[in-house]
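**Q** Sequence and predicted structure below; questions after.
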Amino acid sequence: MAYLRCYSDNAKVATATPTPAPTRISNVLDYDETNCVDEPGAVSVVLKKGTKHAHKAIRSSKTSNAVMFATSGDSKLLLSYIVYKAKHLYEGWTEGGIEGTKYNQTHSGWFDFTIFEDWFNSVALPYFKKLGHKVLIGNNSYSHITESVIAKCEENDIRCVCCVLQTRLT
């Protein structure tokens, strides 16, 4: 409940404008990062339809992919940004996906400062190239925001809403 109260209070402050014109709902962007993990040896098995025999093949470690989703206040879903846990990004990983999806890689498979800045510059900022007051709402990703992102937000009349009460540690 405290998280919702904090979120609501911060959103009210961020959407309030000094001018009589309110923030347009299409100028509000909410983003969230989620992580998908493959667990070797898990009980569930996913097989291609028509497979006659399943063979047990276990990798030596978990794989991890993070995905950043962003949607506007008027329900427009922006391009996804996928981060693989790897040393290199291979071309085959980017084939057959949704057109326009952005891809990158990190050692951990999570977003870090560099990857978040790339997401902001390649997905959020182009969307915000509109006139008027804008609001960027980050769900549990406050630790990714850098001075560079803050400076670009100030230059483009974008206010950031971040709530720190709910983290991966709680």
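**A** Cool, the structure landed.

**Q** show me the contacts for the nearest residue to residue 148 once chain neighbours are set aside.
**A** Distance criterion C-beta to C-beta, 6 or more residues apart in numbering; nearest residue to residue 148, sequence neighbours excluded, is residue 117 at 5.9 Å. C-betas here are computed from N, CA, C, even on glycine. Going by C-beta atoms under 8 Å, 6 or more residues apart in numbering, residue 117 touches 146, 148-149.

**Q** Just the element for residue 89, please.
**A** In this structure, residue 89 sits in neither a helix nor a strand according to DSSP states H and E.

**Q** Do I have it right that it meets residue 106?
**A** No. The criterion here is C-beta atoms under 8 Å, and residue 89 misses it with residue 106 at 9.9 Å.

**Q** So for the two, which sits in the more crowded spot?
**A** residue 106 (18 against 15; other C-beta atoms under 10 Å).

**Q** The residue nearest to residue 148 belongs to a helix, doesn't it?
**A** Yes. With DSSP: H, G, I helix; E, B strand; the rest coil as the criterion, residue 117 is part of a helix.

**Q** From residue 149, how far off is it?
**A** As for residue 117, its distance to residue 149 is 6 Å (criterion: C-beta to C-beta, to the nearest Å).

**Q** The most centrally placed residue in the chain: which element?
**A** Central residue of the chain (C-alpha atoms, centre = their mean): residue 68, 2.3 Å from the mean position. When secondary structure is defined by DSSP H and E, residue 68 falls within strand 63-72.

**Q** Do me a favour and get the end-to-end distance for stretch 52-64?
**A** One end of stretch 52-64 sits 29 Å from the other (C-alpha to C-alpha, to the nearest Å).

**Q** Averaged pLDDT, it. What do you get?
**A** Across stretch 52-64, the average pLDDT comes to 65.

**Q** Kindly report the same for stretch 156-170.
**A** Rounded mean pLDDT across stretch 156-170 is 70.

**Q** Please apply the same query to stretch 102-109.
**A** Regarding stretch 102-109, the rounded mean pLDDT is 92.

**Q** quick one, helices of the chain?
**A** According to DSSP state H, the chain carries its helices in the segments 2-15, 113-119, 125-127, 147-155.

**Q** From the chain's centroid, how far away is the shortest one?
**A** This means helix 125-127. How far helix 125-127 lies from its chain's middle: 14 Å, per C-alpha atoms, centre = their mean, to the nearest Å.

**Q** Which helix or strand in this protein has the lowest average pLDDT?
**A** helix 2-15 (a mean of 50; mean pLDDT, DSSP states H and E).

**Q** nearest residue to the residue nearest to the centre of the chain other than its sequence neighbours?
**A** Nearest residue to residue 68, sequence neighbours excluded (C-beta to C-beta, 6+ apart): residue 81, at 4.3 Å.
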